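J.: I would like the atomic coordinates for the input below:
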Amino acid sequence: MNYYVSAVMKVLQGEPLNASDKYSFGLPPILSQEDWEKLLNKTWTDAENFASLIEQLPESKLWEDFSDNKYGNYYRNFHGIIEHVHYHLGQIVLIKKIILQA
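T.: Just a heads-up that it's a prediction; the model follows:
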């Protein structure tokens, strides 16, 4: 979830889209509470920064091509991120229910 948000944030900051699915699982292992806290802090910070960048975007930009027309428009990409995060949130909720029932 964090990987693509970071890639899209860079586009919103004027950089080219530089993302590949093969890098989306490149998260360092979580080996301690400190590692977990770092991940949480990065997640919340990126979410705040991402929301702020979207808020600053002129509404007309939502309908323009995102980086390249093959990726659809900005709206489609933002909506896709929201749907994808909700999908994973649902997975987390189900896993938590399974663990608590065990």
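
J.: Tell me, how many residues neighbour the nearest residue to Pro29 once chain neighbours are set aside?
T.: Nearest non-adjacent residue to Pro29, counting by CB to CB, 6 or more residues apart in numbering: Asp35, 7.4 Å away. Any C-beta I mention is one placed from the backbone N, CA and C, and that applies to glycine too. Asp35: 13 surrounding residues under other CB atoms under 10 Å.

J.: same question, the one 3 residues further on
T.: Around Lys38 sit 13 other residues, with neighbours defined as other CB under 10 Å.

J.: ok, now Ile92?
T.: Ile92 has 9 neighbours, counted by other CB under 10 Å.

J.: in this protein, which spans are strands?
T.: Read by DSSP state E, the chain holds no strands at all.

J.: Can you show me the helices along it?
T.: Counting by DSSP state H, the chain has helices at residues 2-12, 33-56, 74-101.

J.: Return the list of helices and strands in contact with the first one.
T.: This points to helix 2-12. Contact partners of helix 2-12 among helices and strands, from 3 or more CB pairs under 8 Å, 6 or more residues apart in numbering; DSSP states H and E: helix 33-56, helix 74-101.

J.: can you put the ones you listed in a markdown table and add distance to Tyr23 and mean pLDDT?
T.: Formatted as a markdown table, the helices and strands packed on helix 2-12 follow (distance: least, CB to CB, whole Å; pLDDT from 0 to 100):
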| stretch | distance to Tyr23 | mean pLDDT |
| --- | --- | --- |
| helix 33-56 | 16 | 96 |
| helix 74-101 | 16 | 95 |
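
J.: Quick one: these as JSON lines, columns for distance to Ser20 too.
T.: Putting the helices and strands packed on helix 2-12 into JSON lines (distance: least, CB to CB, whole Å) gives the following:
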{"stretch": "helix 33-56", "distance to Ser20": "19"}
{"stretch": "helix 74-101", "distance to Ser20": "16"}
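
J.: now for those helices, which one comes closest to Val8?
T.: For these, the distance to Val8 is smallest for helix 74-101, at 6.2 Å, taking CB to CB.
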